[in-house]
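**Student:** sequence unavailable; structure follows:
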């Protein structure tokens, strides 16, 4: 019998009034900001940074740098195994949309951007750690990321995704601090200079199992390259404004969470090795707890193990073995 999964998509505005839902991953960039005494100031300052960066990049026909306003929606995806009647919080992503004040029109942005996944937390913070606990040297478990990758591709191909989104997702992450990136001769007018890493990372391999390719670009006036994970043709499948919506949103998050790299006081050169020990950087006014985020990843990985992986282990294994995606 073929196992069916159903996906339920929920939306909530990411604005200064945002409060995380009870089942939201607290390690998620946006949820981590929306906590504490300065939660409203954190959110307001973050949105101001995003809009300022967007208008700085979309500078044509925009003399006062105030033509566009970006709207962000948190997309929460629950997955339900057929017959269980127990939806599990699968992933959270962001969708951007653009308001053009000059034409008074709403324009599509990009879905994806940030990417959070309970099953990924399980893979990296439970399965991978347990696998290497008593080993000499580092290794990766057999079929690591296989289930997660198939579930993600199944979601993107689902009716739920097709009804809600017109284009495939683009996910934007930080560069790895243990890789060296070299600038190529390729320059895009919006994405900027392309970089290539000296070797593949475990993150690259994990996202490849999700069906995603990766390219690295240093946008104009950025301090460091960003990693763009995508289906299809990143440079031609999306408009300039769509790409700018992702750059402005995710670069802002990285300036907050990894200021040593993305709010550095010097710009990446032709050969660039990111460092979280870089003292030559500036801090934003926005407060967050980076240590808490890493601790919660383990806690939320165990939540996925107890509420999704273990209860449906046999069903998931059988489906994954048959799945051709």
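**Tutor:** Good, I have the coordinates. Keep in mind that this is a model prediction, so the values were computed, not measured.
**Student:** ok, now which ones touch the nearest residue to residue 125 once chain neighbours are set aside?
**Tutor:** Leaving out its chain neighbours, the residue that sits closest to residue 125 by CB to CB, 6 or more residues apart in numbering is residue 301, at 3.8 Å. Bear in mind the C-beta positions are built from the backbone N, C-alpha and C, glycine included. Shown in contact with residue 301 (CB atoms under 8 Å, 6 or more residues apart in numbering): 118, 121, 122, 123, 124, 125, 126, 127.
**Student:** the helix or strand of the chain with the lowest mean pLDDT: what's the following helix or strand?
**Tutor:** When each helix and strand of the chain is scored by mean pLDDT, DSSP states H and E, helix 29-33 comes last, with a mean of 61. Note on helix 29-33: by DSSP states H and E, the next helix or strand toward the C-terminus is helix 39-57.
**Student:** in that following helix, what's buried?
**Tutor:** Within helix 39-57, the residues that count as buried by 16 or more other CB atoms under 10 Å are 39, 42-43, 45-47, 49-51, 53-55, 57.
**Student:** just checking, what packs against it?
**Tutor:** Helices and strands touching helix 39-57, by 3 or more CB pairs under 8 Å, 6 or more residues apart in numbering; DSSP states H and E, are helix 29-33, strand 68-81, helix 240-257.
**Student:** quick one, strands of the protein?
**Tutor:** Taking DSSP state E as the test, the strands found in the chain are 5-13, 68-81, 88-100, 105-117, 170-174, 181-188, 192-197, 213-218, 226-230, 271-272.
**Student:** direction included, what does the shortest one pair up with?
**Tutor:** What it means is strand 271-272. Sheet pairing of strand 271-272 (DSSP bridges) gives strand 181-188 (antiparallel).
**Student:** the inter-axis angle of the strand it pairs with versus helix 240-257?
**Tutor:** 150 degrees (axes from the mean of the first three to the mean of the last three CA atoms, to 10 degrees).
**Student:** circling back to that earlier point, switch the helices and strands packed on helix 39-57 over to JSON lines; also include mean neighbour count and distance to residue 101.
**Tutor:** Compiled in JSON lines, those are given as follows (neighbours: other CB atoms under 10 Å; distance: least, CB to CB, whole Å):
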{"stretch": "helix 29-33", "mean neighbour count": "23", "distance to residue 101": "24"}
{"stretch": "strand 68-81", "mean neighbour count": "20", "distance to residue 101": "7"}
{"stretch": "helix 240-257", "mean neighbour count": "24", "distance to residue 101": "13"}
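**Student:** dump these into TSV; add distance to residue 92 as well.
**Tutor:** Compiled in TSV, those are given as follows (distance: least, CB to CB, whole Å):
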stretch	distance to residue 92
helix 29-33	8
strand 68-81	5
helix 240-257	13
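**Student:** among these, which comes closest to residue 136?
**Tutor:** Smallest distance to residue 136 across the helices and strands packed on helix 39-57 (CB to CB): 32.7 Å, for helix 240-257.
**Student:** who touches stretch 257-269?
**Tutor:** Applying CB under 8 Å, 6+ apart, the external contacts of stretch 257-269 come out as 29, 174-175, 177, 181, 183, 195, 218, 222-225, 251, 254-255, 274-284, 288, 290.
**Student:** give me the buried subset of those.
**Tutor:** In the contacts of stretch 257-269, the ones that pass as buried (16+ other CB under 10 Å) are 29, 174-175, 181, 183, 195, 218, 222-225, 251, 254-255, 274, 278, 281, 284, 288.
**Student:** quick check: pLDDT value at the residue lying closest to residue 181 once chain neighbours are set aside.
**Tutor:** Spatially, and ignoring its direct neighbours in sequence, residue 181 is nearest to residue 195 (4.1 Å; CB to CB, 6+ apart). The model reports residue 195 with a pLDDT of 98.
**Student:** and residue 195, how close does it get to residue 180?
**Tutor:** Separation of residue 195 from residue 180 (CB to CB, to the nearest Å): 10 Å.
**Student:** between these two, what contacts are shared?
**Tutor:** Counting by CB under 8 Å, 6+ apart, the residues touching both residue 195 and residue 180 are residue 272.
**Student:** how about stretch 164-172, which residues are buried there?
**Tutor:** Residues of stretch 164-172 classed as buried under the neighbour-count rule (16+ other CB under 10 Å) are 165, 167, 168, 169, 170, 171, 172.
**Student:** show the end-to-end separation of it, please.
**Tutor:** In stretch 164-172, first residue to last residue: 20 Å (CA to CA, to the nearest Å).
**Student:** just stretch 201-216 next, same as before
**Tutor:** 13 Å.
**Student:** from the structure, what's the count of residues near residue 189?
**Tutor:** Per other CB atoms under 10 Å, the neighbour tally for residue 189 reads 10.
**Student:** for residue 280, see how far away it is.
**Tutor:** Distance of residue 189 to residue 280, computed by CB to CB: 29 Å.
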